[in-house]
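K.L.:
next come a sequence and a model predicted from it.
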Amino acid sequence: MNALRRQRITRVAVAALLLAPAMAIIGLGFVAPLLRLAVLSVSAPAGPLAAYRELATVDVYRIVLRNTVVLALVVSAASLAIGFALALALTRLEAGWRAAVFACVVLPLWISVLVRTFSWMLILESNGPLNRFLVALGIVDHPLPLLFAFPGVAIGMVHVLLPYAVLPIYAALSRIDPALLRASDGLGASRATTFRRVLLPLSARGLATAATFTFLLSLGFFVTPALLGGPSDTTISMLIDSFVNERLDWPLAAAASMALLAMGLAVIGLAGRFVPVSALSEVR
Amino acid sequence: MTGAWTKAFAALLAAAIVMPVLAVAPLAFSEQSFLVLPPRTWSLRWWSVFFADASWLRALLTSLEVAALSCLLSVAAGTSAALGLQALGPRARALATGLFLGPMVAPVIVLAVGLYALARSFGLVGSTLGLVLAHTMLALPYVVLNVGVSVAALDPRLALAASGLGAGPGRVFRTVTWPAILPGVMGGGVFAFVTSFDEVVLAVFLAGPSVKTLPVRIWEEVRTEYTPVVAVAATIMIILAVIGSAMGRFATRRSA
């Protein structure tokens, strides 16, 4: 009995020792900065809640907040739609093709978002290849204002988010027994009915995971909207940056950070029961 | 017939995903001094400009140094943590894992501003140490999860058998545990290196005049006026990332 207890104590001590370095890093590099921001956010000279009140009442900030959510909804929806189509195509390809397309889907994850965004700046320019292509085909008369505007931000973000949508949806779709699809077909269901009554419900979990990932990530985007957007495409992240680097208003920056963090936590809290957030790491 | 359409659709989307990533590379070999795709004349002049410019070279070396150091630190701490998690009860393990995953889901700007606020009070802004610690924190979840997969796949009876046959704890680790988790450690290490090498937002906030990583230099150039040297820098980043992804695939294949 005594030996057993001693063994247990040793085991806990060993575990604590093994966890200590990582805990120290997370404590210093993750928990401490967030606590510092929490304290800063209530340290405005005008009172503890002044910074939060300013964020909630000044029109410009409210517009930025709304823009961020609208942008996140639009790019998540687009990523889900394109991601579903691509995932479905992946399940129907033969092995060699599937491996090749898969490699294309995950390759961008290894390349810095900054480099990818810079590439998009060159492509979306008014005399860039995309606009020249559209003009040459006669689809548009004049180059479209894609760069430094909403379409540019949306295109750039969907491009970054696509793998986070494709992979969970593909995982769900590839688990569906093909016999079910054949059965639905054999019983006379149209393609649309099979899609609605078989494919969609059976991949709901993957779709929910993809929706959570893309929405969660898109709320906090900084590099892509900062480089591809115009003045009216400011996101909360960019607002936080300008509070720190231009207005030098730390309480306001901290309060906006807390608001952004709270939005993310709300998404995780709402979706967390259905979606394993840890699966986010499996994407790369 | 459906097969052909599916192939065409998948190929088109795959091209739309990959081409924008690689579009910048041809410009690194352009002759012109302005960035227009596709370049009309070719040369290596911007590569010589890059390698003749001390500030670009220093940025590349800083990036490699920071990535190597944070890779080492996060692999050491993360591997140790993954082994420690295994010894915890289910509830404590879930709690600790949740904490370790935090840096992966928190908005990066929030982490950047928080770290900047903290680093300012400790005089760590513009220091290699500050950058390395920040990137170690960011890379840690990838190591913990990657090694965790290898640890979970390890049959605990092997270690029991080894110690039953008289091996001490050190020998059990060296001959049983370590070889089994090595692929996870390598995979985690590659992720950690690339995570640091690619990272820009934390680096922009924590960088200083003498300590700038390659992404920070690119960021500064892109936000003002830029020349094809930026395309060279971006191409170098792509080359290193592709090498990383190949190594990562190799490591995970061995673990599978």
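P.N.:
On my side now, so go ahead.
K.L.:
pLDDT wise, what is residue 172 at?
P.N.:
Went with chain A since none was named. Confidence at A:Ala172, expressed as pLDDT, is 90.
K.L.:
wait, I meant chain B there
P.N.:
pLDDT at B:Val172 comes out at 87.
K.L.:
again, but for A:Ala3
P.N.:
Reported pLDDT for A:Ala3: 79.
K.L.:
assign it to helix, strand or coil.
P.N.:
Reducing the assignment at A:Ala3 to three states with DSSP: H, G, I helix; E, B strand; the rest coil gives helix.
K.L.:
gap between A:Glu246 and B:Phe205?
P.N.:
Using Cβ to Cβ, to the nearest Å, we find A:Glu246 at a distance of 14 Å from B:Phe205. Backbone N, C-alpha and C define where each C-beta goes, glycine included.
K.L.:
neighbour-wise, which of these two wins?
P.N.:
B:Phe205 (26 against 8; other Cβ atoms under 10 Å in any protein chain shown).
K.L.:
thought B:Ala112 was touching that one, still the case?
P.N.:
Yes: in terms of Cβ atoms under 8 Å, B:Phe205 counts as a neighbour of B:Ala112; the distance is 4.2 Å.
K.L.:
wait, B:Trp56 touches B:Phe50, no?
P.N.:
Yes: under the criterion of Cβ under 8 Å, B:Trp56 makes contact with B:Phe50 at 5.1 Å.
K.L.:
list the residues that contact both of those two?
P.N.:
Listed contacts common to B:Trp56 and B:Phe50 are B:Val229, B:Ala233; contacts here mean Cβ atoms under 8 Å, 6 or more residues apart in numbering or on different chains.
K.L.:
just want the residue of the stretch 151-284 of chain A that's nearest chain B.
P.N.:
Nearest residue of the stretch 151-284 of chain A to chain B (Cβ to the nearest Cβ) works out as A:Gly220 at 2.9 Å.
K.L.:
so who does that residue touch?
P.N.:
A:Ile236, A:Ser237, A:Leu260, A:Gly264, B:Ala106, B:Pro107, B:Val108, B:Ile109, B:Val110.
K.L.:
quick one: average pLDDT of the one helix or strand the third one maps to?
P.N.:
For A:Leu260, the host element (DSSP states H and E) is helix A:250-271. On average, the pLDDT along helix A:250-271 is 92.
K.L.:
tell me if it is near chain B.
P.N.:
Yes: Helix A:250-271 comes into contact with chain B (Cβ under 8 Å from any Cβ of the partner chain), by way of A:Trp250, A:Ala253, A:Ala254, A:Ser257, A:Leu260, A:Leu261, A:Gly264, A:Ile268.
K.L.:
same question for that helix: list its buried residues.
P.N.:
A:250-261, A:263-264, A:267, A:271 (16 or more other Cβ atoms under 10 Å in any protein chain shown).
K.L.:
the residues you listed: which two are farthest apart?
P.N.:
Farthest-apart pair in the buried residues of helix A:250-271 is A:Trp250 and A:Ala271; separation 31.5 Å (Cβ to Cβ).
K.L.:
what's the pLDDT at residue 6?
P.N.:
Using chain A. At A:Arg6, pLDDT is 83.
K.L.:
wrong chain, I was asking about chain B
P.N.:
Confidence for B:Thr6, expressed as pLDDT, is 87.
K.L.:
surely it meets A:Thr91?
P.N.:
No: with contact defined as Cβ under 8 Å, B:Thr6 does not reach A:Thr91; the gap is 9.4 Å.
K.L.:
ok, the nearest residue to B:Ser43 once chain neighbours are set aside - contacts?
P.N.:
Spatially, and ignoring its direct neighbours in sequence, B:Ser43 is nearest to B:Glu31 (4.2 Å; Cβ to Cβ, 6 or more residues apart in numbering or on different chains). The contact partners of B:Glu31, taken as Cβ under 8 Å, 6+ apart, are B:Pro39, B:Arg40, B:Thr41, B:Trp42, B:Ser43, B:Arg45.
K.L.:
swap in B:Arg40?
P.N.:
Counting by Cβ under 8 Å, 6+ apart, B:Arg40 makes contact with B:Ser30, B:Glu31, B:Gln32.
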